[in-house]
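> fold the following, please.
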Amino acid sequence: MADVALRSSENVLLCAPTGAGKTNVAMLSILNILAQYRKELADDMMNEDESGKASKHEGTLDLSAFKIIYVAPMKALVQEVVKNFSKRLGPYGIQVRELSGDSSLTRQQISETQMIVTTPEKWDIVTRQGEGRAYTQLVRLVIIDEIHLLHDDRGPVLESIVAR
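Model (predicted):
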């Protein structure tokens, strides 16, 4: 599973019990996207490390070139996911923000955000609006938590956002 998540762009459906590592697989998929948008610095740009040895720069991320969408079923889970991934992705300069019924983001905030954690209903509304469609063109990864809710009352909303 790790190889598919980290090294391919294949769709993945992961069904596993609580505590089995689904969030870690999601993180591997996110790292895959980050690797695709890593800007290499010129080979001749060298840096000296603390020991005085020359080392090549690791490069930076093109933070304006992609969006990652994480769809969580409830607002409470949205906040938990934002906290978790903010901590994990902060060192890479990735901005993680909540977009739910309780919070909205300005155009500026959306453009500065690389990972949006949202509820199905809010993402459905955003992607139906003209302004929201521009941002969907930058979406490179969609993670849907609790996909089994397709068989629930909210199933049609999940189905429509997957289809878009």
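> helices of the chain, residue ranges please.
2-7, 22-36, 75-89, 107-112, 120-128, 130-136, 155-163 (DSSP state H).
> could those helices be laid out in TSV, adding mean pLDDT and distance to Ala16?
C-beta coordinates here come from the backbone N, C-alpha and C atoms, glycine included. TSV is the format used below for the helices of the chain (pLDDT from 0 to 100; distance: least, C-beta to C-beta, whole Å):
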stretch	mean pLDDT	distance to Ala16
helix 2-7	90	13
helix 22-36	94	5
helix 75-89	95	17
helix 107-112	89	31
helix 120-128	87	21
helix 130-136	70	28
helix 155-163	80	19
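> please identify the most buried of the ones you listed.
The highest mean neighbour count among these, using mean count of other C-beta atoms under 10 Å, belongs to helix 120-128: a mean of 19.
> contacts for it?
The list of residues contacting helix 120-128 from outside it, by C-beta atoms under 8 Å, 6 or more residues apart in numbering, reads 69, 71, 73, 99-101, 116, 118, 132-133, 135-136, 149, 154, 157-158, 160-161, 164.
> over to stretch 106-113?
Outside of stretch 106-113, the residues within contact range by C-beta under 8 Å, 6+ apart are Ser64, Lys67, Gln95, Val96, Arg97, Leu99, Leu105, Ile116, Glu131, Tyr135.
> swap the cut-off to 10 Å and go again
The list of residues contacting stretch 106-113 from outside it, by C-beta atoms under 10 Å, 6 or more residues apart in numbering, reads 63-64, 67-68, 94-99, 103-105, 116, 126, 131-132, 134-135, 138.
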